[in-house]
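J.: Whatever this is, show me its structure:
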Amino acid sequence: QIIEKRPKEYDLIINISPGESKSTIATVLFPAWLWMRAPHLRIISASYSATLSIEHAPLSKDCILSDKYQRLFGDTVEMRADADAKTFYKNTAKGYRKPVSTGSAVTGSHADLILIDDPLSPKQANSAAFTASANDFINKTLSSRKTDKLNTPMIMIMQRLSEYDPTGNWLEQEKNGRVIEHICLP
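T.: Numbering: from 1, shown residues only. A predicted model of the protein is given here:
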């Protein structure tokens, strides 16, 4: 549905314990895989800290620039030399990857996919104010950055941290009609 830009059926939550390679799969490799099928996709990826967001984006770019990826998909995914920063980069098909942190400014960018990887740290989850701020950022700021307000999917992958964490917030919204697919891998 993301690749063909079909109407979305749901937003996705994946809950998984720490140390299970969730960031590698969802935030590093998944965008590279999407681009080999649909290089025009614009992706915003968010994590609880700028440091974490900035670590993931170049790892994905390294995958894309690897000899093997370029040998297999280089005719599909070619990076733009004039928009090739360490973290924010574009390809020649007008796709881009913009990493942000929870609470940061995202104005000026819109995405075909919004990836949220650990929007709260375990320490932040101990604070009701941090939790409320993360939920507000996801529901108001990130949601306003969709290229298509109804059909741009959001994918959130995180460990459960509290009843009121962003997963809990989305599950509460599901009771009010939001369509969520929830995968919980204990």
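
J.: Tell me the spacing between S53 and R6.
T.: 28 Å (C-beta to C-beta, to the nearest Å). Every C-beta, even on glycine, is put in place using the N, C-alpha and C of the backbone.

J.: okay, those two: which has more neighbours?
T.: Ranked by neighbour count (other C-beta atoms under 10 Å), S53 and R6 place S53 first, with 23 against 9.

J.: Dead centre of the protein: give me the residue that sits there.
T.: Centroid-nearest residue in the chain, with C-alpha atoms, centre = their mean: L115, separated by 1.3 Å.

J.: and that residue, which of the three is it?
T.: Here L115 is recorded as strand under DSSP: H, G, I helix; E, B strand; the rest coil.

J.: what sits against it?
T.: For L115, the contacting residues are A26, T27, F30, P31, I43, I44, S45, A46, M154, I155, I157, by C-beta atoms under 8 Å, 6 or more residues apart in numbering.

J.: Report pLDDT for it.
T.: L115 is assigned 96 on the pLDDT scale.

J.: Please shift the residue numbers so they start at 57 in all later answers.
T.: Yep, numbering from 57; the last one is L171 now.

J.: What residues are bridge-paired with it?
T.: Beta-bridge pairing of L171 under DSSP bridges involves S101, I211.

J.: so how far is L128 from it?
T.: Applying C-beta to C-beta, the value for L171 to L128 is 23 Å.

J.: do N225 as well
T.: The span separating N225 from L128 equals 39 Å under the rule C-beta to C-beta.

J.: Then A190?
T.: Taking C-beta to C-beta as the measure, A190 falls 37 Å from L128.

J.: Among the two, which residue is more densely surrounded?
T.: A190 (28 against 12).

J.: Please look at the more buried one and Q180 and confirm they touch.
T.: Yes - between A190 and Q180 there is a contact under C-beta atoms under 8 Å: 7.2 Å.

J.: CA atoms only for stretch 152-161 - export them in PDB, please.
T.: Only the C-alpha atoms of stretch 152-161 are listed here, as PDB (Å, rounded to 0.1, in the frame of the first residue of the first chain):
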ATOM      1  CA  TYR A 152      14.200  11.800   0.700                       C
ATOM      2  CA  ARG A 153      14.900  10.700   4.200                       C
ATOM      3  CA  LYS A 154      14.600  13.200   7.100                       C
ATOM      4  CA  PRO A 155      15.400  12.100  10.600                       C
ATOM      5  CA  VAL A 156      13.900  14.100  13.500                       C
ATOM      6  CA  SER A 157      13.700  13.700  17.300                       C
ATOM      7  CA  THR A 158      10.600  13.800  19.500                       C
ATOM      8  CA  GLY A 159       9.700  17.400  20.100                       C
ATOM      9  CA  SER A 160      11.900  18.900  17.200                       C
ATOM     10  CA  ALA A 161      10.700  21.100  14.400                       C
END
